[in-house]
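Chemist: sequence and predicted structure are below.
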Amino acid sequence: MIPLQPPRRLIDVEIDGEDVRVPEGSTILDACHAAGKDVPTLCYGDTLTPKNACRVCVVEVEGARTLAPSCSRKAEQGMKVGTDTERARQSRKVVLELLGSSVDLSTTPRAAEWAEEYGADPARFGDDAATVEQPAKVDNDLYVRDYNKCILCYKCVDACGDQWQNSFAIAVAGRGFDATISTEFDAPLTDSACVYCGNCVEVCPTGALSFKSEFDMRAEGTWDESRQTETTTICSYCGVGCNLTLHVQDNKIVKVTSPHDNPVTKGNLCVKGRFGYGYV
Amino acid sequence: MDIRFRGAEPSEEERAAVDALLGPPATAWDGGSRSEADLRAAARAESQRDLLLPALHAVNDRVGWISEGALDYICRRLTVPPAEAYGVATFYSLFSMKPRPKRVLHVCTDLACQAKGAQDVRRRVEERFGPAGTDWHESPCLGLCERAPAALALEAGQPHRAEVYAPATPDTITTVTEVAPSSNGHAPSVNVAGETPVKDAVPQAGNPDLVLLRRAGVVDPASLDDYRASGGYTALRRAFELGPAGVIREVLESGLVGRGGAAFPTGRKWDATARQPDHPHYLVCNADESEPGTFKDRVVMEGDPYALVEAMTIAAYATGCAKGYLYIRGEYPRATARLQHAIATARARGLLGDDILGKGLSFDIELRRGAGAYICGEETAIFNSIEGQRGEPRSKPPFPVEKGLFGKPTVVNNVETLVNVLPILERGAQAYAAAEPKLFCVSGAVERPGVYELPFGATLRELLELSGTTGTTRAVLLGGAAGAFVTDLDIPLTFEGTRNAGATLGSGVVLVIDDTVDMKRLLLRIAEFFRDESCGQCVPCRVGTVRQEEALHRLSRRVDPANSRRSDDDDLVLLREVGQTMRDASICGLGQTAWNAVESAIDRLGVFR
Ligand SMILES: Cc1cc2nc3c(=O)[nH]c(=O)nc-3n(C[C@H](O)[C@H](O)[C@H](O)COP(=O)(O)O)c2cc1C
Ligand code: SF4
Ligand code: SF4
Ligand code: SF4
Ligand code: FES
């Protein structure tokens, strides 16, 4: 079921010299997609209001003093955008280097591919470059917080807070390079307001938040996505009828996600749908 | 919103501190004792999130730190999720989430102080109190640069106290910290202990040609009658004659541009806000002044507080705001006290509140104290801070005139900008524009440091002739940590003139560096400042400022380039690339300018040649 949207005016935008028409209110990223461009994004979430904190999606807008975050800057009539200019590419390269040198991006999808594409070399900052390294927080049986991999994209905070779950169990604490995602007074999750919906895990772009099952299998070296199948089905707990995607490896459910394009749940689930698969 | 608490209990003192601000709790559900009746009534959850910062101050001021029980109690009273309140409390450097002594010393180690021997003070304090972190902290610029080196002692209690040591010699600090301060830092109209008269910060005080500084150091800043006797409130009367549109027309015609750093035309900002159909409109006076080397707003507020109250009233009248917030940095005890007093007496005399001067204008000012975060001076970070969120800048557009404080159209102006509105109305736009005054904060290697007023267009040399220089001047840092080093003294001090010279007027900083100053160390301090003050929201700034500091450390330490694995050139290339990315891709002005001063020192002064 796709709800009918009110008609919107179309505006003309130029992306890398190519004219595209997009509905008024679209972001530059929407326009880039309409023009078939692949712009890298990390903190952008398809179900969340973009925080535009990572800055890997920057593009050059003609006449602007600084580069613009394509994920959140609205496209305007007549705007001329360069997605692949020298300046934009250079910024993306350095941003990827800054991230790669401070955070473990090994489980971030496409990070290695982008590093190669932009020629990013995080090692150039030397061996003593400060990192966010810290031990993984394993304080419950359902999911693990490995903030060594956290790029501080704010998605989990938004998903847990006023954008979806309204539990407000986690927030950003501290500031600058010392900022981290934290519960109040850094308490264990089990003592916090967390209801284990796992919606934060669903949106995390780096694997900093992951199912305990996945975390353990990665540690053992048995995690193998090429051997996994995904089956989308309907949750059997209550009458809402949320969509679940079961990720199965060796005949065992290893994690549960939910389709983001479902108009009702938008990828969100509750603790039962997300973690209550033990009985299957 | 379903808020869960962990059940930590506040101490009696913590509870009293919060209740003193918010009044006693109305029902059991926000922290009182539970009665039979409460169990039958449904209490309305009403978020008062914007009182979060004052509530955190209340506890920190009284107890010295914020325990989990205190935070939990604040959250119950204000209906704020504890994780978010923790995120807010840990954002500010004046708050502690761990027990610490009631009396804490903040020793400024920033630019002007460093140029005046802050290292010796720091060393003595360390010998006496041990490593920084509990009894004392290294502080970014305290805005007392004309009296550098400076230190500020804050003591929790009822009432809390503040004591300024400036200039601080190694001996004054180590002896004075033992004795209890003699006066309450927040008592109105009394000098904060250790403070010299405002006159000392205004070398030109008494000069009849002064416009913005004509009262500073001359009239009694605690006396509304003195203010009125010296021409106070004539501008407001003139505003009433002109009407709101007329005031905006005068400000537009005067050509006034903002003095907070970005140099945006004030009249256009006012006009755009006044036209917004969405209501209410808010006025925010940006008195956060934390740019290293800047202290002009402090001196104006300490010496002439009613001028700011009057100017804010005029701005509110012109742009249709019923409420104004005066956001003042937390390290300014005397300016805070003076303004509290000025606001209270103005209110008592019908110059704030409903029906001002019988003209039907309704406007009031709420004073908000910052808590140690340079970034909160950024115009959108201020909104978040006032609203009880982390002081992170918002991305623009939308701009404040459209969606600002509480999502409503908002005018944000710097203290100096607002105070300029008085002579514009008193003299008329033309006369004002003919000799437009500008304030400069002169510090460093000069004979008479302080705030100077000169008409726009005077040269740097003329300014330095007034203040006198000591030693051999090597360079001048214009515009503060976000500005640039210059060596050409014939630069005209205008927005355009400085821009043509590859510099900026910024917030009016003129920090004179003589050849005794260790430039490498000064650059390190600038890098450290930005790393410390980055809000952490965006990657180019959060990580870039760290990489900048690391590279500068390597460059400064390297004694024998032949023996090092990396060459200086590698690090210089790295600095340029990271710097350009911070400038291009950061969300706000902090990251965008964090490389300016360092770049200019490398290029123009050849620091690493
Ligand atoms: C990191 C940062 C810090 C700032 N700090 C201040 C400040 O302390 N005081 C101030 O008036 N403006 C400050 N600004 C500038 C404000 O964002 C804004 O431009 C100014 O308050 C607008 O007032 P004006 O038009 O009167 O200059 C700062 C900007 C940035 C990016
Ligand atoms: S699992 Fe749900 S409630 Fe818990 S932190 Fe994540 S989003 Fe919040
Ligand atoms: S834990 Fe994941 S979702 Fe949360 S801020 Fe870090 S990277 Fe983003
Ligand atoms: S540039 Fe720095 S201070 Fe500004 S939003 Fe980004 S991290 Fe925060
Ligand atoms: S007070 Fe120390 S640099 Fe300003």
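Modeler: Yes, it's here. Ligands and ions are numbered 1, 2, ... in the order given.
Chemist: got the residue ranges for the helices in the stretch 101-250 of chain B?
Modeler: Under the criterion DSSP state H, counting those that start in this stretch, the stretch 101-250 of chain B contains helices at B:111-115, B:118-129, B:170-176, B:224-229, B:234-254.
Chemist: with only the CA atoms kept, save the shortest one in PDB.
Modeler: Coordinates of the C-alpha atoms in helix B:111-115 are reproduced here as PDB (Å, rounded to 0.1, in the frame of the first residue of the first chain):
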ATOM      1  CA  LEU B 111      46.900  33.300  23.900                       C
ATOM      2  CA  ALA B 112      47.200  36.700  25.700                       C
ATOM      3  CA  CYS B 113      48.000  35.000  29.000                       C
ATOM      4  CA  GLN B 114      50.500  32.800  27.300                       C
ATOM      5  CA  ALA B 115      52.200  35.800  25.800                       C
END
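Chemist: could you pull up phi and psi at residue 221?
Modeler: The chain I'm using is chain A. When read as degrees, to the nearest 10, the backbone of A:G221 gives phi 80, psi 20.
Chemist: chain B was what I was after
Modeler: phi -70, psi -10.
Chemist: so it is in contact with B:G303, correct?
Modeler: Yes. Between B:P221 and B:G303 there is a contact under Cβ atoms under 8 Å: 5.7 Å. All C-beta atoms are positioned from the backbone trio N, CA, C, and that covers glycine.
Chemist: pull up the overlap in contacts between these two.
Modeler: Residues touching both B:P221 and B:G303 (Cβ atoms under 8 Å, 6 or more residues apart in numbering or on different chains) are B:V198.
Chemist: can you report how many residues lie near the one residue in the stretch 1-150 of chain A that gets nearest to ligand 2?
Modeler: Here the residue of the stretch 1-150 of chain A nearest ligand 2 is A:Y143; by Cβ to the nearest ligand atom that distance is 6.9 Å. Each residue near A:Y143 was counted by other Cβ atoms under 10 Å in any protein chain shown, and the total is 25.
Chemist: let's see the pLDDT reported for the closest residue to ligand 5 within the stretch 101-250 of chain A.
Modeler: Closest residue of the stretch 101-250 of chain A to ligand 5, Cβ to the nearest ligand atom: A:G176 (19.9 Å). We have a pLDDT of 98 for A:G176.
Chemist: against chain B, how distant is it?
Modeler: 4 Å (Cβ to the nearest Cβ, to the nearest Å).
Chemist: any idea how far that residue lies from A:A130?
Modeler: 11 Å (Cβ to Cβ, to the nearest Å).
Chemist: so the two - more neighbours on which side?
Modeler: Taking other Cβ under 10 Å, A:G176 and A:A130 do not tie; A:G176 has more neighbours (20 against 15).
Chemist: so the more buried one sits against B:R531, correct?
Modeler: Yes. Using Cβ under 8 Å, A:G176 makes contact with B:R531 at a distance of 6.4 Å.
Chemist: overlap in contacts of those two?
Modeler: Contacts common to A:G176 and B:R531, judged by Cβ under 8 Å, 6+ apart, are B:T545.
Chemist: show me the shaky parts of the stretch 251-400 of chain B.
Modeler: For the stretch 251-400 of chain B, no stretch is flagged by pLDDT under 70.
Chemist: apologies, that question was intended for the stretch 1-150 of chain B.
Modeler: For the stretch 1-150 of chain B (pLDDT under 70), the answer is B:1, B:28-46.
Chemist: just the stretch 501-609 of chain B next, same as before
Modeler: B:559-566.
Chemist: ranges for the helices of it?
Modeler: With DSSP H, counting those that start in this stretch as the criterion, the stretch 501-609 of chain B has helices at B:519-533, B:539-557, B:568-585, B:589-593, B:596-604.
Chemist: and of those, who's closest to ligand 5?
Modeler: Proximity to ligand 5, assessed across those by Cβ to the nearest ligand atom, is greatest for helix B:519-533 (9.2 Å).
Chemist: who's in contact with that closest one?
Modeler: Under the criterion Cβ under 8 Å, 6+ apart, residues A:176-177, B:109-111, B:114-115, B:140-141, B:290, B:292, B:373-375, B:474, B:481, B:513, B:541, B:545-546, B:548-549, B:552-553, B:555-556, B:590-591, B:594, B:597-598, B:601, B:605, B:607-608 lie in contact with helix B:519-533.
Chemist: you'd agree B:Y432 is up against B:L212?
Modeler: No. Counting by Cβ under 8 Å, B:Y432 stays clear of B:L212, with 11.1 Å between them.
Chemist: host element of residue 91?
Modeler: Since no chain was named, I'll use chain A. helix A:86-102 (DSSP states H and E).
Chemist: can you tell if that helix touches ligand 3?
Modeler: No. On the criterion Cβ under 6 Å from any ligand atom, helix A:86-102 is out of touch with ligand 3, staying 10.4 Å away.
Chemist: residues in chain B within reach of ligand 5, list them.
Modeler: B:108, B:110-113, B:141-145, B:148, B:150, B:292.
Chemist: just put those residues in a markdown table and tack on neighbour count and distance to A:E214.
Modeler: Conversion of the residues of chain B next to ligand 5 to a markdown table gives the following (neighbours: other Cβ atoms under 10 Å in any protein chain shown; distance: Cβ to Cβ, whole Å):
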| residue | neighbour count | distance to A:E214 |
| --- | --- | --- |
| B:C108 | 30 | 49 |
| B:D110 | 27 | 47 |
| B:L111 | 29 | 49 |
| B:A112 | 32 | 53 |
| B:C113 | 32 | 52 |
| B:C141 | 30 | 48 |
| B:L142 | 28 | 50 |
| B:G143 | 27 | 51 |
| B:L144 | 27 | 54 |
| B:C145 | 32 | 54 |
| B:A148 | 27 | 56 |
| B:A150 | 28 | 54 |
| B:P292 | 30 | 47 |
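Chemist: re earlier: so between B:Y432 and B:L212, which is more surrounded?
Modeler: B:Y432 (24 against 21).
Chemist: residues in contact with the strand or helix carrying the more buried one?
Modeler: Using DSSP H and E, B:Y432 falls within helix B:429-434. Contacting residues not belonging to helix B:429-434 are listed as B:E250, B:V251, B:E253, B:S254, B:G255, B:N420, B:P423, B:I424 [Cβ under 8 Å, 6+ apart].
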